[in-house]
Structure formats: structure tokens, C-alpha cells
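A structural model of the following input is requested.
(chains A and B)
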Amino acid sequence: MTEALNLGIAAAVLALAIWTVAVRDTFAAVVGFVAYGLLLTLVWVQLAGIDVALTEAALGSGLTGAMLIGAAARLRRTEAAARAERPGVPTRVAAALVAAGVTAALAAAVLALPDPAPTLAPQTAENIAVTGVGNPITAVLLAFRAMDTLLEAIVVLFALIGVWSLAPDRVWGGRPGPRHHADPDGILAYLARVLPPIGLVVGVYIFWVGASLPGGKFQGATILAAMWLLAVTAGLADTPPIGRTWLRIALIAGPVVFIAIGAAGVAFAGAFLAYPDGFAKPLIKIIEWALLPSLALTLALIVAGAPQRPST
Amino acid sequence: MTDAATLFGLCAAALVGIGVYALIVNPQPLRKILAFNVIGSGVFLVFGVIARRGAAVGLGADPVPQALVITGIVVAFSATAMAVALLLRLFQVTGRATLSTDASHGANADGGRS
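Numbers count the residues shown, from 1 in each chain, chains lettered A, B, ... in the order given. Take a look at the predicted model:
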């Protein structure tokens, strides 16, 4: 039964990937990609990766999809000209050969994976008690490999700076995206009033349980960002001018707290990002609480894009 | 269990191949960004298969590769955002969305609004 289900999921994932690649209309391709991402979350569940499934659904499929749909809509009238550039048969045959070679090499590697598989699960299980958190993924992200998570939070911030820096000079410091107007009695405005309170609770819940159950700050922050973007799209809220000091402070607050706690580790525990005995869980909680609002704001503003309007 | 891991491992290998083909063949930059994301999801899935095979001591999978994938998804999102922003800026400046340097391809090359 499970095998049939797995075969079905794998076939559907491959079919949607091919659709995404092959369909003529880019808008349809992006919609196919969102469906593909949602199906991938089923694969992650089957591979016992609930935390990854949540991240894939929220970020990989949801926010990425929203960003790509916006871009596809704006680029729609360039479609016809771009299609004429489709390479000839020789290039396509060569590309197919390269792709088949990559797939064959990867498939051979997958089939040749060592058995029994090397694993760090026993070490994680042995040491997780020291951190005081119950979710092994959170323990890896914020204790054993905290450096990765710190750099990840900074990468997201750099991406936002990169997106902003592509604004034309005359709107620098202005508001991202167009000012949206929706029918105040329409379904979009209705949903934008009804969903955010629910989404806020779900987002904070997913963040809160992340210490002991699947969930965490990135998944929670993505849901919060999506709720705010919904309100913006319905015209109920507006994006802030990017020059505001409070905004800049809110964006860097999370990473700054993370770095400060990491630096304190040098003095009190002998290494950067080391936690003193017995303080691991409270420090992890402080880092997560500090990162959540910064991440939600950063992710939302990345999707909102470069400034387009002067701040007035 | 091993069978599901192998099945999805082969599926991941096929996804990377599909993505590589699309990255080379599709001329539109936005389609290339999509293809880049398909390749990425395939690579992440290989990590997931390796994590699943490392299931031990009551954990359904090795948490270390899974945590790396979560970081990877966030970084892929950041890279995609950067690529989309560059593309929209290219469109804003030139009125076209093409990587071709041959001006004759762009029928509306004069539509720039900087």
C-alpha cells in the first residue's frame, strides 16, 4: 500500500516537474512549480522529514511561488520575443545528453550509497539532553551547527540589501511594490481581514513548538510574512518606506542578538556560539524570539521587492 | 523503508536531470530561475534520502542532513529573490527580458523606462 502511494507520488512529482519545464506559458509554469513544491512536501513526509516538509511548503513553494508569479505577471509581454530565441535541435540534443549524463551519475551514486548508512543520529540523540530542546533538528540548527543558522539569517538579510540596491536612484528610500487597491467588499479584502488573525496564531504556534516538535522560526516567520503580504495585496496595509530607521533596526535586531550571544560564548563558555552549561535552552529561546520578527519582516520585504515609489 | 529511500533517490536524480535540461534549453531568464529551483529541490531530495537511510536510535532520519536542507531551502529562496530582482531591473532598464546580446532579437528594445 505504502509502496503504491510512494510510486504514485514520485510519478506525480516527475510529471509536474516536466510540465513546469515544458509548458509554453511562463505563468502556467510557475503555477505548476507551486503545485510541484506542495507535492514535494509529501515526499519529505515519506522520508520522515516533517521539519523540511514545513519549510518546503512555506518557503520553497509558497513564498518563492508568490515572488515568481509576481515576476511572471510583470514580464508577460516579453514572452513572445523570448520564445523566438529557443535554441536549435543540436543544442537541445546536446542538453538532453548532458542532462541524461547528470541523472545517470546521480542515480548510480544513489544506488551505490553505503549500507549500513553513515549517520550522526546516535551522536545527536546522545547530546540533545545538554541543549534542553526536544526537537533534534532545532538542536542541530541552534546548538550543534548554530554557525550555519547565523550565516543563514545573514544571507537572507544580504539578499534583501541586494534586492533593494537594484532600485532606481530616484525612488531610493521609497516604498516597495505598487500601492494595491482591491474592492473593499470583495473576496480578497474579506480574506485579508479573516485570515491574518488565524495565520498569526498558526505562525506563532509553529514557531513555539519548534523547540520540541517539528516547526521553528523560519517556518513560523514565513507564515507571518505571508499574512502581512496578503493584507498588502488587498490594499489594507502598505509597505513601509525602506529608509525608516525603525525598519532598519527591526531587520538587524535578530542577527545582532544572535551575534551578541555568540560573542558572549567566547567569554563564558570558551568558544564563539558556545553556550554555558545549563543556559543552552534559555539562550536558544532568546535567539529564536529575536530572530522571528526580523526574519518575518526580511522575508516579506524580499517578496515585496525593490522600492518603486517615493516615500511620500 | 530502504525501498522508499531508493525510489525517491532515483526520482531526485531524474529531477536534477530535468532541471539541467531546462536550464540550458529555455531561453527566458525566469524559466531558467525555475529550472534552477527544480535542480535545487532534486539535490535537497538526495540529502533527504541520505538522511532517511541514516535513521537510527529511534529517530526517523539523521537530523544533521535535514537541518542542512532547511538552511539550503532558505539560501535557495534568497538566491531566487536576488535573481528575480536582477531580472525585473533588466526589464525596467531595457524593456526586454532576455539574456541574448544580439539586439535584433528584441522587438521592443526601445521600451525602456529607467
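
Please count neighbours and contacts with C-alpha atoms only from this point.
Will do.

Distance of A:Gly134 relative to chain B?
Using C-alpha to the nearest C-alpha, to the nearest Å, A:Gly134 is found at 12 Å from chain B.

cool, A:Ala296 as well?
Taking C-alpha to the nearest C-alpha, one finds A:Ala296 at 13 Å from chain B.

And for A:Leu229?
Using C-alpha to the nearest C-alpha, A:Leu229 is found at 15 Å from chain B.

Quick check: which helices or strands does the host helix or strand of that residue pack against?
Using DSSP states H and E, A:Leu229 maps to helix A:217-233. For helix A:217-233, the packing partners by 3 or more C-alpha pairs under 8 Å, 6 or more residues apart in numbering or on different chains; DSSP states H and E come out as helix A:50-55, helix A:187-209, helix A:280-304.

one more time with 6 Å
Contact analysis of helix A:217-233 by 3 or more C-alpha pairs under 6 Å, 6 or more residues apart in numbering or on different chains; DSSP states H and E lists helix A:187-209, helix A:280-304 as its packing neighbours.

Which one of those lies nearest to B:Ala55?
For those, proximity to B:Ala55 was assessed by C-alpha to C-alpha; helix A:187-209 is nearest, at 22.5 Å.

Is A:Arg175 bridged to anything, and to what?
Per DSSP bridges, residues listed as beta-bridge partners of A:Arg175: A:Arg309.

Return the distance of it relative to chain B.
Going from A:Arg175 to chain B by C-alpha to the nearest C-alpha gives 15 Å.

hang on, that residue packs against A:Ala304?
No - assessed by C-alpha atoms under 6 Å, A:Arg175 is found out of contact with A:Ala304, at 9.3 Å.

for chain B, what's the longest helix?
helix B:63-94 (DSSP state H).

near chain A, which residues of chain B?
B:9-10, B:13-14, B:17, B:20-22, B:27-28, B:52-54, B:56, B:60, B:62-63, B:67, B:70, B:78, B:82, B:85 (C-alpha under 6 Å from any C-alpha of the partner chain).

Run through chain B and note the low-pLDDT ranges.
Applying pLDDT under 70 to chain B flags the ranges B:1-2, B:102-114.

rerun that using 50 as the cut-off
Residues of chain B meeting the criterion pLDDT under 50: B:1, B:104-114.

what residues are up against A:Ser27?
No, residue A:27 isn't Ser; it's Phe. Contacts for A:Phe27 were tallied using C-alpha atoms under 6 Å, 6 or more residues apart in numbering or on different chains; they are A:Ala72.

in a helix, that's where it is, yeah?
Yes - assessed by DSSP: H, G, I helix; E, B strand; the rest coil, A:Phe27 belongs to a helix.

so how far is B:Gly40 from it?
20 Å (C-alpha to C-alpha, to the nearest Å).

do the same with A:Val13
14 Å.

Can you pick out the residue with more neighbours from those two?
Between A:Val13 and B:Gly40, counted using other C-alpha atoms under 10 Å in any protein chain shown, A:Val13 has the larger neighbour count: 23 against 20.

name the element the more buried one belongs to?
helix A:2-22.

before we move on, the earlier item: so which residues make contact with the helix holding A:Leu229?
So helix A:217-233 is contacted by A:55, A:180, A:192, A:196, A:200, A:203-204, A:206-207, A:237-238, A:292, A:295-296, A:300 (C-alpha under 6 Å, 6+ apart).

Please repeat the previous calculation with a cut-off of 7 Å.
The contact list for helix A:217-233, computed with C-alpha atoms under 7 Å, 6 or more residues apart in numbering or on different chains, reads A:54-55, A:58-59, A:180, A:192, A:196, A:199-200, A:203-204, A:206-207, A:237-239, A:288, A:292, A:295-297, A:299-300.

What of stretch B:38-48?
The contact list for stretch B:38-48, computed with C-alpha under 7 Å, 6+ apart, reads A:47, B:9, B:12-13, B:15-16, B:19-20, B:65-66, B:69.

Tell me which entries of those residues lie within helices.
Reading helices off the contacts of stretch B:38-48 with DSSP H, I get B:9, B:12-13, B:15-16, B:19-20, B:65-66, B:69.
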